[in-house]
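>>> below are the sequence and a predicted model; questions follow.
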Amino acid sequence: MWKKTIILWLLAVLFSDFVFADTGSDEKILTLGVSGTFTGALASVGEHVSNGMTDYLNWTANHGGIEFKDPESGKNKRIRIKVISEDNQYNAVKSAMAYARLKSRGVRAIIGFGSTPGEACAALASRDKIPYLSWYAYASPAGFRPSPQYYWTFLPTIAEAATPMIKWFVKKKWHGQGQPKIGIISLNLPSWRVLEKPGLTDAYVESIGGRLAGIEFISPRATDISLPLTRLVFEKNADCLILMGVLSQAVLLAKEMRRMGIDPEKVIVICNISAWDESIFKSVPKAVEGFHGEVHTVSLDKDVPGMRKIKKIAKWAGRTSEELLLNYANGCLGALVLETAIKRALEKNGYEKVIQSGEMIRNELHHFRAFNPSELAPSIEVRNSDKPFFLNYARIVKAKNGKFVDAGDWISVDEIKGTLE
């Protein structure tokens with residue numbers, strides 16, 4: 001008899017991870033999943049972002065969960081949250097496997113890293129009605145096509161995400177004669193090929209007074225980009241190079257430009273967010289001097305409530321100063337957005353309805369109302385539910401003397417029609 005009792009007890013403990021319910025002491029629990037890129041092709045950026053997302057949610061769980069005003073009683077209540085992390089390794093198949101494991105453990109929402117991993121799960125999320133916020137990803141038809149939409153990205157399409165960088169160079173930086181010529185070097189991903197679609201990026205550049213010199217696509221595993229550089233700089237005379245890639249490619253670009261004698265003070269280089277954080281100074285401290293990059297939060301040394309909280313979380317999680325980077329802050333920002341959507345769903349619908357279906361959290365994300373993220377960034381909101389994304393501004397910083405310095409104010413993201421067709 002005692003053996004049977006022990007077996008039943010063990011089964012109860014085992015399956016407790018899979019159940020969302022009150023605990024008998026009126027305790028509310030909600031389980032959230034993180035599909036991070038801790039290893040794999042894009043881990044140089046993905047690890048920092050994924051750490052930020054995970055640490056923020058674990059910190060919230062450790063500090064009482066999410067507080068909300070109950071819509072029925074009008075009283076302030078709390079739900080505990082449980083956080084389960086999986087490594088998608090920036091791989092479509094492994095991402096789908098990570099999703100299946102998170103689903104089996106009863107998650108009510110997922111925050112993830114990466115366009116490719118997120119796109120692989122978009123239809124699954126739609127089928128299962130599990131909200132999936134891919135915070136470090138660009139919008140694409142593959143991700144946004146499944147209906148009803150349960151998958152979102154922090155930025156619009158790759159072409160639209162480039163608009164602040166393009167505007168900054170043409171409107172703020174360029175002081176030469178004639179039309180400034182912009183060349184783009186892009187990671188060769190299916191959803192990023194929209195950059196070369198006629199009448200989109202090229203037309204946008206011309207609409208603000210520039211000219212697209214050309215677009216060169218490179219493999220994620222490229223070890224030599226001298227040919228794209230030769231074409232864009234020496235053959236097409238680009239005045240500015242925009243890198244839409246990852247951190248390892250920014251390192252490669254800095255090395256190649258130095259070797260080829262291309263001065264970044266004369267040919268301006270701007271790296272997109274996934275190719276840009278402070279860890280680049282460890283790899284190419286001299287070669288990266290003069291490079292520019294986009295960021296979506298205030299600087300780490302900015303004394304605002306949001307950044308103070310992020311530093312507190314990083315310390316609590318045992319992160320070193322080398323791990324506290326802008327991309328870590330971006331990961332925390334994404335988790336803050338998810339937390340806000342959950343809180344709004346709870347305050348509108350109550351705990352019982354929120355745990356019955358992902359629809360309540362989904363509605364708050366899909367129609368995310370303007371929100372001040374504790375001064376970490378300008379107001380975050382979904383402005384168009386037909387093309388929902390969250391970050392509407394970027395700013396440019398410059399690598400100088402081993403750190404990032406401001407090179408301009410916040411610049412809005414512009415829409416380019418046709419990029420999701």
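Received the coordinates, thanks.
>>> in this protein, what helix or strand scores lowest on average pLDDT?
Least confident element among the helices and strands of the chain, by mean pLDDT, DSSP states H and E: helix 2-15 (a mean of 35).
>>> contacts for the helix or strand hosting A100?
A100 is part of helix 92-104, with elements assigned from DSSP states H and E. If you take Cβ atoms under 8 Å, 6 or more residues apart in numbering as the criterion, helix 92-104 is touched by 18, 33, 35, 40, 84, 86-89, 110, 112, 114, 116-121, 124-125, 128, 130, 132. The C-beta positions use only the backbone N, C-alpha and C, and glycine is treated the same way.
>>> give the buried residues for it.
92, 94-96, 98-99, 102-103 (16 or more other Cβ atoms under 10 Å).
>>> just the ones of the contacts of helix 92-104 in helices?
Among these, the members found in helices (DSSP state H) are 116-121, 124-125, 128.
>>> kindly provide the distance from P388 to S379.
Plainly put, P388 is 15 Å away from S379 if you go by Cβ to Cβ, to the nearest Å.
>>> and V93, by the same measure?
37 Å.
>>> so is the residue lying closest to K282 once chain neighbours are set aside in a helix, a strand, or just coil?
Among residues not flanking K282 along the chain, E322 sits closest, at 7.9 Å (Cβ to Cβ, 6 or more residues apart in numbering). E322 carries the three-state label coil when classified by DSSP: H, G, I helix; E, B strand; the rest coil.
>>> then A254?
helix.
>>> run a quick neighbour tally on the closest residue to it other than its chain neighbours.
Computed as Cβ to Cβ, 6+ apart, the closest residue to A254 that is not its neighbour in sequence is A287, at 3.9 Å. A287: 19 surrounding residues under other Cβ atoms under 10 Å.
>>> next one: A287 from M260, what distance?
In terms of Cβ to Cβ, A287 sits 11 Å off from M260.
>>> common neighbours of these two, please.
Here A287 and M260 have no joint contacts, going by Cβ under 8 Å, 6+ apart.
>>> roughly how far apart are the residue most central in space within the chain and L336?
Centroid-nearest residue in the chain: Y136, 1.9 Å away (criterion: Cα atoms, centre = their mean). Note on Y136: its distance to L336, by Cβ to Cβ, is 14 Å.
>>> what do you get for S226?
41 Å.
>>> how about F291, what does it touch?
Shown in contact with F291 (Cβ under 8 Å, 6+ apart): 250, 254, 264, 269-271, 398-399.
>>> got the contact list for the residue nearest to the centre of the chain?
45-46, 49, 113-114, 154, 274, 330-331, 334.
>>> considering those residues, which possesses the most neighbours?
F113 (33 neighbours).
>>> so that residue bridges to which residues?
Y136 (DSSP bridges).
>>> if I look at the residue nearest to A43 when sequence neighbours are not counted, how far off is F113?
Nearest non-adjacent residue to A43, counting by Cβ to Cβ, 6+ apart: T37, 5.8 Å away. Distance, T37 to F113, by Cβ to Cβ: 4 Å.
>>> count of residues packed around P117?
P117: 30 surrounding residues under other Cβ under 10 Å.
>>> contacts only, for it.
Residues near P117 by Cβ under 8 Å, 6+ apart: 35, 37, 88, 90-92, 94-95, 98, 134.
>>> nearest to L187 among the buried residues of helix 92-104?
Closest approach between the buried residues of helix 92-104 and L187, by Cβ to Cβ: A92, at 15.2 Å.
>>> pLDDT score assigned to that closest one?
Per-residue confidence (pLDDT) for A92: 95.
>>> cool, and K167?
Per-residue confidence at K167 stands at 98 (pLDDT).
>>> and it, what helix or strand is that in?
helix 163-167.
>>> cool, S186 as well?
With DSSP H and E as the test, S186 turns up in strand 181-187.
>>> give me the residues contacting the helix or strand just after that strand.
Remark: after strand 181-187, the chain's next helix or strand is helix 201-207, criterion DSSP H and E. Applying Cβ under 8 Å, 6+ apart, the contact partners of helix 201-207 are 159, 162-163, 166, 170, 182, 184, 195, 211-212, 215, 414, 416.
>>> so which of the residues you listed comes closest to G350?
D414 (39.3 Å).
>>> ok, and the closest non-adjacent residue to that closest one?
In space, and not counting its chain neighbours, D414 is closest to T163: 4.1 Å by Cβ to Cβ, 6+ apart.
>>> wait, that neighbour sits on N392?
No - using Cβ atoms under 8 Å, T163 is not in contact with N392; the gap is 10.8 Å.
>>> and A345, how far is that from C121?
With distances taken as Cβ to Cβ, A345 is found 21 Å from C121.
>>> in terms of neighbours, single out the busier of these two.
Using other Cβ under 10 Å as the criterion, A345 and C121 rank with C121 on top: 29 against 25.
>>> that older thread, for V304, state which of the buried residues of helix 92-104 is nearest.
L102 (32.6 Å).
>>> which strands or helices does the helix or strand hosting F281 pack on?
Assessed by DSSP H and E, F281 sits inside helix 280-283. Using 3 or more Cβ pairs under 8 Å, 6 or more residues apart in numbering; DSSP states H and E, the elements in contact with helix 280-283 are helix 247-260.
>>> related to what we said a few turns ago, could you dump the contacts of helix 201-207 to a markdown table with neighbour count and distance to Y150?
As requested, the contacts of helix 201-207 are arranged in a markdown table below (neighbours: other Cβ atoms under 10 Å; distance: Cβ to Cβ, whole Å):
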| residue | neighbour count | distance to Y150 |
| --- | --- | --- |
| A159 | 27 | 24 |
| A162 | 29 | 27 |
| T163 | 21 | 27 |
| I166 | 25 | 31 |
| V170 | 19 | 37 |
| I182 | 28 | 36 |
| I184 | 29 | 31 |
| L195 | 21 | 27 |
| R211 | 16 | 40 |
| L212 | 20 | 35 |
| I215 | 20 | 32 |
| D414 | 18 | 27 |
| I416 | 22 | 25 |
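>>> ranges for the strands of the chain?
29-36, 66-69, 76-87, 109-113, 132-138, 151-155, 181-187, 211-218, 240-244, 268-271, 292-295, 393-400, 403-406, 411-412 (DSSP state E).
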